[in-house]
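Enquirer: Here is a sequence with its predicted model. Questions after.
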Amino acid sequence: MRILFVAAEVAPFAKTGGLADVALALPRALASLGVEVLVVMPKHRSVAGKTDLHEAARFAVPVAGQLKDCVAYRGVLPECSVPIYFLGNDPYFDRPAIYGEGSEYPDALERFTFLSRGALELCEALGWTPDIIHANDWHTALIPALVRSLGMSRSKEAKTILTIHNLAYQGAFPQSLAGAIGLSGKALEPYVRGDQVNLLRGGILSADLVNTVSPTYAKEILDAGDGLEGELRTRKDDLYGVLNGIDTAVWDPAHDPLLWTTYTRRNLAGKAKNKEGLQKELGMAEDPRAPLVGAISRLAEQKGFDLILPAFDRLLDLGVQFVVLGTGAPEYERFFRDAAERHRGRVGALITFSEEWAHRIEAAADIFLMPSRFEPCGLNQLYSLRYGTVPVVRATGGLRDTVVDVAHDKRRANGFAFETYTAEGMLDAVTRAVSLYRDDPRAWRDIQQRGMGQDLSWEGSAKTYRGLYRKLVR
Ligand code: ADP
């Protein structure tokens, strides 16, 4: 089976969030199951220097009624032999950011039409015939309609699957821009709603199969689907929820070169050393007994910051230290910078994007806070489990599927979860966590070790994807 996997970002070449992690790890896991995969992404500026690039093909891509030049470069995904093709068009992609600086680049529709159409042109240029084209999020949601309406020799028989990593981002543009995508008539129809083109809507209605990244989120979006619940309900029989895994080689406290000290499930002593290292480096009080709460996140409303901000002082009143790593909304960035000033020695704010600090915080923190309003899957709670950092989450989407509260099931418990999206609900869960941490170190260690012992790898989910592909080609 041959799979063409197309995404706007793929780690480590370009990353803003979970999509990039998935677009690296899933193709790799599929390849180790014996599936032939070829990955395609734009040649963003950040790709330079991350892999050897070999020019593989040159062709033209029709966008907005013009022919745009494309140079396709071949590379490989790290630590495997999966080929990745970078579609290069400097005016579109040689830019400082992936999606925009402050706000989205105004030619976003053209840029991702180029990617979607370009992926099909690449198959022609390489003489490579995919059985399945796996599209991801709105950026590539045009592919199902392009496959059918263009009837290109290499891709016309391909089946399509669209994975929704986050329904909140739909690729909605004024209808006046619809000319950019080069579809008309019946093929265009699903992509138009009211006076807008909505790429995700079109993808949901046009793909042979649709999935999202956790079973619970797949159910939730039938009722709260950011305006697309009606469309999703019409695809109910073809809509699946497949939980993301994590890259257990990159996220492994026993072999992580970014940590102060490595540690294992059996010997957690190194975890305390990481806490000490972080406290020192960030100028926080070097108190081994103060519960250290960590958060690593896009600073976006989705992630629950409108709960954290008003409750922040009460959170600190529990006697915790708090460290945050993130970038995003200016008001949240400002709040945490101020908080670090106001509470010197107790609050650390790293307002930046740093892979290194993400690993270090996962290792150093005792508690990981992730009170998302909604969460398609979430990766950081999984990294936390792997690092013995007990997650405190809101029970929604993938967080509900992966974190079992102590009060809910003692024998399976790996963290703390609260139901209603309120500051009180969150504070109550953190309070319960802090009490257990202080009063019952043994029970705490059990919870840590249970999380660390879970199989969070991609293997199971990659098999589920393979099952979906098989279903499609049958
Ligand atoms: P989302 O995709 O909605 O942002 P996920 O939890 O699925 O949320 O994935 C987020 C990914 O981005 C994780 O790998 C997380 O570690 C990473 N990440 C987010 N913000 C930062 C940051 N400031 N520095 C480093 N990594 C970050």
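Expert: Looks like it arrived, so ask away.
Enquirer: Quick one: name the residues of the stretch 1-150 of the chain near the ligand.
Expert: 17, 18, 21 (CB under 6 Å from any ligand atom). C-beta coordinates here come from the backbone N, C-alpha and C atoms, glycine included.
Enquirer: phi, psi of the second one?
Expert: Phi and psi for residue 18, reported as degrees, to the nearest 10, are phi -60, psi -30.
Enquirer: which ones are touching residue 163?
Expert: 22, 134, 135, 136, 137, 210, 211, 212, 213 (CB atoms under 8 Å, 6 or more residues apart in numbering).
Enquirer: of those residues, closest to residue 200?
Expert: If you rank those by distance to residue 200 using CB to CB, residue 137 comes first, at 7.3 Å.
Enquirer: Just give the nearest non-adjacent residue to the closest one, would you?
Expert: Leaving aside its sequence neighbours, residue 137 sits nearest to residue 165 (CB to CB, 6 or more residues apart in numbering; 5.2 Å).
Enquirer: Check what pLDDT the one you found gets.
Expert: Residue 165 carries a pLDDT score of 98 in this model.
Enquirer: Residue 311 too?
Expert: For residue 311, the model assigns a pLDDT of 98.
Enquirer: Just the C-alpha atoms of the helix or strand containing it, please, in PDB.
Expert: Using DSSP states H and E, residue 311 sits within helix 305-317. The C-alpha trace of helix 305-317 is given here as PDB (Å, rounded to 0.1, in the frame of the first residue of the first chain):
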ATOM      1  CA  PHE A 305      -5.600  30.500  30.100                       C
ATOM      2  CA  ASP A 306      -8.900  32.300  30.900                       C
ATOM      3  CA  LEU A 307      -9.100  29.900  33.900                       C
ATOM      4  CA  ILE A 308      -5.500  30.200  34.900                       C
ATOM      5  CA  LEU A 309      -5.300  34.000  34.900                       C
ATOM      6  CA  PRO A 310      -8.100  34.900  37.300                       C
ATOM      7  CA  ALA A 311      -7.100  32.000  39.600                       C
ATOM      8  CA  PHE A 312      -3.400  32.600  39.500                       C
ATOM      9  CA  ASP A 313      -2.900  34.100  42.900                       C
ATOM     10  CA  ARG A 314      -5.100  31.500  44.500                       C
ATOM     11  CA  LEU A 315      -3.000  28.900  42.700                       C
ATOM     12  CA  LEU A 316       0.200  30.300  44.200                       C
ATOM     13  CA  ASP A 317      -1.500  30.400  47.600                       C
END
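Enquirer: tell me what that helix is packed against?
Expert: Helix 305-317 sits against strand 292-299, strand 321-328, helix 330-342, helix 423-439, with contacts defined as 3 or more CB pairs under 8 Å, 6 or more residues apart in numbering; DSSP states H and E.
Enquirer: hey, which helix is longest across this structure?
Expert: helix 108-126 (DSSP state H).
Enquirer: any idea of the mean pLDDT in the helix or strand following it?
Expert: The helix or strand immediately downstream of helix 108-126 is strand 132-136, counting by DSSP H and E. Per-residue pLDDT over strand 132-136 has a mean of 98.
Enquirer: Quick one: name whatever helix or strand follows strand 132-136.
Expert: Next element after strand 132-136 (DSSP H and E): helix 143-150.
Enquirer: how far is that next one from where the chain is centred?
Expert: When distances are taken as CA atoms, centre = their mean, to the nearest Å, helix 143-150 is centred 26 Å away from the chain's centroid.
Enquirer: Residue 372 against residue 399, yeah?
Expert: Yes. Using CB atoms under 8 Å, residue 372 makes contact with residue 399 at a distance of 6.2 Å.
Enquirer: So for those two, which sits in the more crowded spot?
Expert: residue 399 (27 against 24; other CB atoms under 10 Å).
Enquirer: For residue 249, see how far away that one is.
Expert: 24 Å (CB to CB, to the nearest Å).
Enquirer: now do residue 458
Expert: Shown here: residue 458 relative to residue 249, a distance of 10 Å by CB to CB.
Enquirer: Repeat that for residue 45.
Expert: Taken as CB to CB, the span from residue 45 to residue 249 is 27 Å.
Enquirer: Next: residue 468.
Expert: 25 Å.
Enquirer: Just want to know which of those two has more residues nearby.
Expert: residue 468 (20 against 12).
Enquirer: hmm, the helix or strand encompassing the more buried one in reach of the ligand?
Expert: Assessed by DSSP H and E, residue 468 sits inside helix 459-473. No. Using CB under 6 Å from any ligand atom, helix 459-473 stays clear of the ligand, coming no nearer than 13.9 Å.
Enquirer: same check, this time on stretch 225-243
Expert: No. Stretch 225-243 does not reach the ligand (CB under 6 Å from any ligand atom); its nearest approach is 11.6 Å.
Enquirer: List of residues touching that stretch?
Expert: Residues contacting stretch 225-243 (CB under 8 Å, 6+ apart): 167-168, 170, 198, 200-201, 204-205, 208-219, 221-223, 377, 398, 401-402, 461, 464-465, 468.
Enquirer: Got a quick ChimeraX command for the buried subset of those residues?
Expert: With 16 or more other CB atoms under 10 Å as the burial test, the buried ones among these are selected in ChimeraX as follows:
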select :167,170,198,200,201,204,205,208,209,210,211,212,213,214,215,216,217,218,221,377,398,401,402,461,465,468
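Enquirer: Mark which of the contacts of stretch 225-243 are part of strands, please.
Expert: Among those, the members falling in strands (DSSP state E) are 198, 209, 210, 211, 212.
Enquirer: Let me have those in TSV, adding pLDDT as columns.
Expert: Listed next are the ones in strands among the contacts of stretch 225-243 as TSV, based on pLDDT from 0 to 100:
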residue	pLDDT
198	98
209	98
210	98
211	98
212	98
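Enquirer: which one of these is nearest the ligand?
Expert: The closest of the ones in strands among the contacts of stretch 225-243 to the ligand turns out to be residue 212 (CB to the nearest ligand atom; 12.0 Å).
Enquirer: Mind listing the residues bridging to the closest one?
Expert: Applying DSSP bridges to residue 212 gives these bridge partners: residue 164, residue 241.
Enquirer: Tell me, domain by domain, which residues of this protein belong where.
Expert: Structural domains assigned to the chain are 2-245+458-473, 269-452, following automatic domain parsing.
Enquirer: how about those, which one is nearest residue 257?
Expert: Closest approach to residue 257 among the domains of the chain (CB to CB): domain 269-452, 8.8 Å.
Enquirer: Compute the first-to-last residue distance for that closest one.
Expert: Its start and end residues considered, domain 269-452 measures 14 Å (CA to CA, to the nearest Å).
Enquirer: what about that domain and the ligand, touching?
Expert: Yes. Applying CB under 6 Å from any ligand atom, one finds domain 269-452 touching the ligand at 296-298, 325-327, 353-355, 358, 377-380.
Enquirer: so how far is that domain from its chain's centroid?
Expert: Chain-centre distance of domain 269-452: 18 Å, with CA atoms, centre = their mean.
Enquirer: In this protein, what residue lies closest to the ligand?
Expert: Proximity of the chain to the ligand (CB to the nearest ligand atom) peaks at residue 18, 2.4 Å away.
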